[in-house]
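Chemist: Take a look and give me a structure for this.
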Amino acid sequence: MNKSFFIRFFLTCSVFLFSFDTLWSQNDLLPESTAPPPKKTYTPEPVVPFRDTLFYINSGIGSFSREERAVSIAQKIRKVSKEWDDLFGDSLTILAEGNMVEIAFGDIIIMTITENDAKFMGKTQIVLANEYKTNIKNAIVQHHKDTGWLTILWRGLWILLIVVTQYFLIKIINFLFRKLSAKVNQLKGKKINTIRFKSYKLLDEEKVIKCVLFIAKILH
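Modeler: Coordinates of the predicted model:
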């Protein structure tokens, strides 16, 4: 082998090692995982102005989060309920302006239905607004029925009737128990006698009476 062969061999090995080192460095710069990031999950926020949930809020508006929107809408519905007059019927209105649809009561804007709200529910803004309007109206009317003076009066009368009935039942039961005790004592030596088994006395008259009164007291 001549000297030129060793020189070519050395150069070939050098180029190979340099290329391998370059590829290795590039692999280190690659991200560890190319899997797509997990989708964010969320929980719709319920609107509960009284006792029952009327509907859910799926998206925020501007700086308002879902939670803040739900709380604000519930507060406004309670405010409207205080000013609501059943004699005038349905006083809620739907206002459409640009890409916003609003449910209002007088000068109170109860809520705004956005395009995102409608998209989440798979409906148009007007259709969704009418559904929410009906839910709000029914909830306010039912709340007035549940908290009206006539309803409260009827509930009070029912409670009074139950208390009076229980009072007289207790009086009657106590009266019957006293009559039974007196009757048992009268039967002593007549129909209530000592209990015997052959020549053995198991219970005398006093113990028999005590057993009968004890059982009656338990039932009482």
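
Chemist: Now the element after the one helix or strand in the chain whose mean pLDDT sits lowest, going C-ward?
Modeler: When each helix and strand of the chain is scored by mean pLDDT, DSSP states H and E, helix 3-29 comes last, with a mean of 51. Toward the C-terminus, helix 3-29 is succeeded by strand 45-47 as the next helix or strand (DSSP states H and E).

Chemist: pLDDT of that following strand, averaged?
Modeler: Here strand 45-47 scores 94 as its mean pLDDT.

Chemist: do stretch 132-150 as well
Modeler: pLDDT averaged over stretch 132-150 gives 88.

Chemist: Output it in PDB with nothing but the alpha carbons.
Modeler: Listed next in PDB are the C-alpha coordinates belonging to stretch 132-150 (Å, rounded to 0.1, in the frame of the first residue of the first chain):
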ATOM      1  CA  TYR A 132     -84.300  31.200  26.600                       C
ATOM      2  CA  LYS A 133     -87.000  33.800  26.800                       C
ATOM      3  CA  THR A 134     -89.700  31.200  27.300                       C
ATOM      4  CA  ASN A 135     -87.600  29.500  30.000                       C
ATOM      5  CA  ILE A 136     -87.100  32.800  31.800                       C
ATOM      6  CA  LYS A 137     -90.700  33.800  31.700                       C
ATOM      7  CA  ASN A 138     -91.900  30.400  33.000                       C
ATOM      8  CA  ALA A 139     -89.400  30.400  35.800                       C
ATOM      9  CA  ILE A 140     -90.500  33.900  36.900                       C
ATOM     10  CA  VAL A 141     -94.200  33.100  36.800                       C
ATOM     11  CA  GLN A 142     -93.600  29.800  38.700                       C
ATOM     12  CA  HIS A 143     -91.500  31.700  41.300                       C
ATOM     13  CA  HIS A 144     -94.300  34.200  41.800                       C
ATOM     14  CA  LYS A 145     -96.800  31.300  42.400                       C
ATOM     15  CA  ASP A 146     -94.500  29.600  44.800                       C
ATOM     16  CA  THR A 147     -93.800  32.800  46.800                       C
ATOM     17  CA  GLY A 148     -97.200  34.600  46.400                       C
ATOM     18  CA  TRP A 149     -99.200  35.500  49.600                       C
ATOM     19  CA  LEU A 150    -102.000  33.100  48.700                       C
END
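
Chemist: any weak-confidence spans in the protein?
Modeler: For the chain, residues meeting the criterion pLDDT under 70 lie at 1-42, 86-90, 150-151, 183-210, 212-214, 216-217, 219-220.

Chemist: now for the longest helix along the chain, which elements pack on it?
Modeler: Assignment by DSSP state H gives helix 149-186 as the longest helix of the chain. The elements that helix 149-186 packs onto, with contact taken as 3 or more C-beta pairs under 8 Å, 6 or more residues apart in numbering; DSSP states H and E, are helix 205-219. No exception for glycine: its C-beta is placed from N, CA and C like everyone else's.

Chemist: Return the set of buried residues in whichever strand or helix holds residue 145.
Modeler: Per DSSP H and E, residue 145 falls inside helix 125-147. Within helix 125-147, the residues scored as buried using 16 or more other C-beta atoms under 10 Å are 125, 128, 129, 130, 132, 133, 135, 136, 137, 139, 140, 143.
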